[in-house]
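Trainee: Pasting the sequence and the predicted coordinates here, then a few questions.
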Number of protein chains: 2
Amino acid sequence: MNFPPVKYSSDSDMNLVEQKNNSQKRKIIKHLFLYGAMANTDLGRFVKLSTPKIISLLNELKNEGMIEELGQGSSSGGRRPNLYGNKEDAFYIVGISINIYQTSVAIFNAKNQKITGDHILPLTITHGNSIVDPIVQFTENIIQEKQIARDKIWGIGIEMPGLVDSETGINKTYMVSKRPVAEVFRKKFGMEVLIENDAKTRAFAELRFGAAQSKRNVLTVHLDWGIGLGIIVNGKLYKGRDGFAGEFGHLPMVDNGILCNCGKTGCLETIASGTAIVRMAKEGLKEKRSSLLGQLVDNDPEKIEIRSVVQAANMGDQFSISMLANVGQWLGKGMAYLIQIFNPESIILGGQISEASQFILPPIQQAIHIFCNPELGNEIEIKVSELGSQAGIQGVAALLLERVLDKK
Amino acid sequence: MNFPPVKYSSDSDMNLVEQKNNSQKRKIIKHLFLYGAMANTDLGRFVKLSTPKIISLLNELKNEGMIEELGQGSSSGGRRPNLYGNKEDAFYIVGISINIYQTSVAIFNAKNQKITGDHILPLTITHGNSIVDPIVQFTENIIQEKQIARDKIWGIGIEMPGLVDSETGINKTYMVSKRPVAEVFRKKFGMEVLIENDAKTRAFAELRFGAAQSKRNVLTVHLDWGIGLGIIVNGKLYKGRDGFAGEFGHLPMVDNGILCNCGKTGCLETIASGTAIVRMAKEGLKEKRSSLLGQLVDNDPEKIEIRSVVQAANMGDQFSISMLANVGQWLGKGMAYLIQIFNPESIILGGQISEASQFILPPIQQAIHIFCNPELGNEIEIKVSELGSQAGIQGVAALLLERVLDKK
DNA sequence: AATACTTTAGTTAAAAAATTAAAAAGATTT
DNA sequence: AAATCTTTTTAATTTTTTAACTAAAGTATT
């Protein structure tokens, strides 16, 4: 099956010039998608071509309906440059974020603008692929609602938790079936589909749109129900042999610790994840520990969620604060490992628990000082992501587009 | 100061065509250095240029004395191709390996052939830069002996232990002085000098000449007096923000452990390095533990070296074998961390302790099974480096050449 | 074993493409 | 309003590719 943009493919049966032209056009489209309108000179710096050549490529793209002129930019004393940008309706991409308890869908246009509202489907992820059909149906409805021609959708990017191999399209942890999930989706949608692990898509979002934009070596730690690690090295997202790199949450931290759902004991996730916090909070409540948490959940331990603990802590609840501090200490020790191994420029924290940064950052810093060589640990920048809740969807969508455009 | 090969630099005051030509020529030289003689078609696949263009570049290089024709290659049914290769005396590079107790020097020609014998200078590395002058002298003698024109030496690569930042040319651990060591060497030699940490140069050697050649994600663990980690991700050597990535030996492994020379306690190096083994062996001998080790060192504990323990183990000595097995367990646990973080294709072991692989590989494998997610740990390939003792020198030399040729 | 066929490599000249350099156009500053 | 600065356009020149052709070597056929 052939998916768009076949237009700009560079098959080996093409001649060298066509191949190079198409590769350059793809670069231009990608650049305009990511960085918005731009003057020919700036594009020239990027693709390393002379002005006449770039202008001719831009004109071709204009005639093909891909890009448009967008008036003139500013000048510091000279003729103003023409600005070029992708045409909004040149193509669309779909981003789907499958979380543990819900799935969100959004559509982006060729200017990387989200053209849909918040579409959230409450759906608990399972080991099997029972949630595939509801997600496909939900997404198709949104596409139809927006009346987008199917051939203008260049693909669908799906982020999900678990051990995801985006090459084979297999998730080893969730949505397991005979055929790779990505293939199942691809068949049902009839479009290019990319699946990727959520920690990696968020790292990619930081790299393209967030705090890692101008950096080369950054780690992102996703603190939610689980603990995920995104690795950016030499300015690229790192995935490892099978795409499983970043299993930070399953580093063995405690001897004879609690059993983890991975089958081992004492993993970092058993003591420093959202799941662990909720478990500890429930135990505390059952043991009648005095805490503001009780009020927040009507004294029903089963109602406790991550946000309950964060909320209680923000209200000054001692029990919640000390839990978070303890979590911070363990995270800090784990991050000390990462810092010594990666010597990163910065570490970016995301996920629900990062919203309690005032309680976890100090113990993290402290643990880093204790366990880290000062040459590596002292100057490290640790901060909370500034990307909102849409980071994941934006990340997969952009990742999908780049894969489509990088494909020869 | 201008160093060779200014000939092929691509300054921004050149026109685009010249810049591209020179960049292509540099690529060709690098390729021929690394992979030996080659046909024009093969080079074409690599630099993506048409046959006439490549032939014209090759002819220019031939006229400039850089390359030569080397007869004809084989064909599977057709005219035989002309082979092109770097001329031996087109340029030379010098590799220097500074170890804890000795320094080795070698010179390589443009075909990456070592043209010197074994030149080893016994010299103990210090915190200050007292060994700089002896090394410069020693190296200059070798250069003079070989009667190589100075302008034909494109640079000197120096590998050394410690926290090395090759960008600034500073080693934070050894050879510390007011000015960066690399600059001190550069001044004295009057040539381009690159310094790099030894674990990284060995990783690079594996990437270019060893078991990592055809792989993209590989870790190399250098087991010697210390424990070094070389990281190859996405087919490139990873160095981190300051070049300090890979401080694997200083991961905190034991609570309330022994004091490490890094200032922290319980580092992996305090229990699983060559230094640790020798320390334990000395203690054992002093406590009159019966062991073959005693015979090997005339019952003088101070004479014990890494190789004594390896040798004793190979002779069947129970004490030495159990020490190595213990070391293997700790290394295995540490490697389980690395595997879960990097999901590498393989891990390559080097250094003196890797010579006792029969005793350390089984406990390493066992620990990996215990501490690692089976999806990541089961298929991992762990093997001992096949590169000999010259790996480090070869690695820095090649690294230096690539840096010289990659510079615009 | 001779011959024709196939495959691969290298050469050449025509055609195409890209760059350079110069001129024109448009905007800002003095 | 002149001078300056920057971008765009244009035309000439240079470079590169394409494609046809020659060359050389192996393979198959007679």
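Mentor: That came through, no problem.
Trainee: Just confirm yes or no for stretch A:340-358 near chain B.
Mentor: Yes - residues of stretch A:340-358 contacting chain B under Cβ under 8 Å from any Cβ of the partner chain: A:340-345. C-beta: built from backbone N, CA, C; applies to glycine.
Trainee: Give the rounded mean pLDDT of that stretch.
Mentor: Stretch A:340-358 shows a mean pLDDT of 95.
Trainee: distance between the ends of it?
Mentor: 24 Å (Cα to Cα, to the nearest Å).
Trainee: for whatever residue of chain A ends up closest to DNA strand D, phi and psi?
Mentor: With Cβ to the nearest atom of the strand as the measure, residue A:78 is the residue of chain A nearest to DNA strand D, at 1.8 Å. For residue A:78, the backbone dihedrals (degrees, to the nearest 10) come out as phi 170, psi 180.
Trainee: Can you check the pLDDT for it?
Mentor: 74.
Trainee: and the gap between it and chain B?
Mentor: In this view, residue A:78 and chain B are 20 Å apart by Cβ to the nearest Cβ, to the nearest Å.
Trainee: circling back: sort out for me which of the residues of stretch A:340-358 next to chain B are in strands.
Mentor: Per DSSP state E, strands hold no members of the residues of stretch A:340-358 next to chain B.
Trainee: near DNA strand D, which of those show up?
Mentor: When Cβ under 7 Å from any atom of the strand is applied, no member of the residues of stretch A:340-358 next to chain B is adjacent to DNA strand D.
Trainee: and which of those residues is nearest to chain B?
Mentor: residue A:343 (2.9 Å; Cβ to the nearest Cβ).
Trainee: quick one: contacts for the nearest residue to the closest one once chain neighbours are set aside?
Mentor: Spatial nearest neighbour of residue A:343, chain neighbours left out: residue B:240 (2.9 Å); criterion: Cβ to Cβ, 6 or more residues apart in numbering or on different chains. Shown in contact with residue B:240 (Cβ atoms under 8 Å, 6 or more residues apart in numbering or on different chains): A:217, A:342-344, B:246.
Trainee: what residues does stretch A:61-79 touch?
Mentor: So stretch A:61-79 is contacted by A:7, A:25, A:28-29, A:32, A:37, A:39, A:58, A:80-87, A:90, A:110 (Cβ under 8 Å, 6+ apart).
Trainee: hmm, try it at 6 Å
Mentor: The contact list for stretch A:61-79, computed with Cβ atoms under 6 Å, 6 or more residues apart in numbering or on different chains, reads A:37, A:39, A:80-87, A:90.
Trainee: could these be laid out in CSV, adding secondary structure and distance to DNA strand C?
Mentor: Listed next are the contacts of stretch A:61-79 as CSV, based on DSSP: H, G, I helix; E, B strand; the rest coil; distance: Cβ to the nearest atom of the strand, whole Å:
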residue, secondary structure, distance to DNA strand C
A:37, coil, 16
A:39, strand, 13
A:80, coil, 4
A:81, coil, 9
A:82, strand, 10
A:83, strand, 12
A:84, strand, 16
A:85, strand, 18
A:86, strand, 22
A:87, coil, 23
A:90, helix, 22
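Trainee: Now a ChimeraX select for only the buried ones of the residues you listed.
Mentor: Entered in ChimeraX, the line below selects the buried ones among the contacts of stretch A:61-79, by 16 or more other Cβ atoms under 10 Å in any protein chain shown:
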select /A:37,39,82,83,84,85,86,87,90
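Trainee: Reformat the contacts of stretch A:61-79 as CSV; add distance to chain B.
Mentor: Formatted as CSV, the contacts of stretch A:61-79 follow (distance: Cβ to the nearest Cβ, whole Å):
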residue, distance to chain B
A:37, 25
A:39, 19
A:80, 25
A:81, 20
A:82, 22
A:83, 24
A:84, 21
A:85, 26
A:86, 27
A:87, 30
A:90, 28
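Trainee: Count residues in the vicinity of residue A:26, would you?
Mentor: Neighbour count for residue A:26, taken as other Cβ atoms under 10 Å in any protein chain shown: 21.
Trainee: Could you confirm it falls within a helix?
Mentor: Yes - assessed by DSSP: H, G, I helix; E, B strand; the rest coil, residue A:26 belongs to a helix.
Trainee: Report the separation between it and chain B.
Mentor: When residue A:26 is compared with chain B (using Cβ to the nearest Cβ), they lie 16 Å apart.
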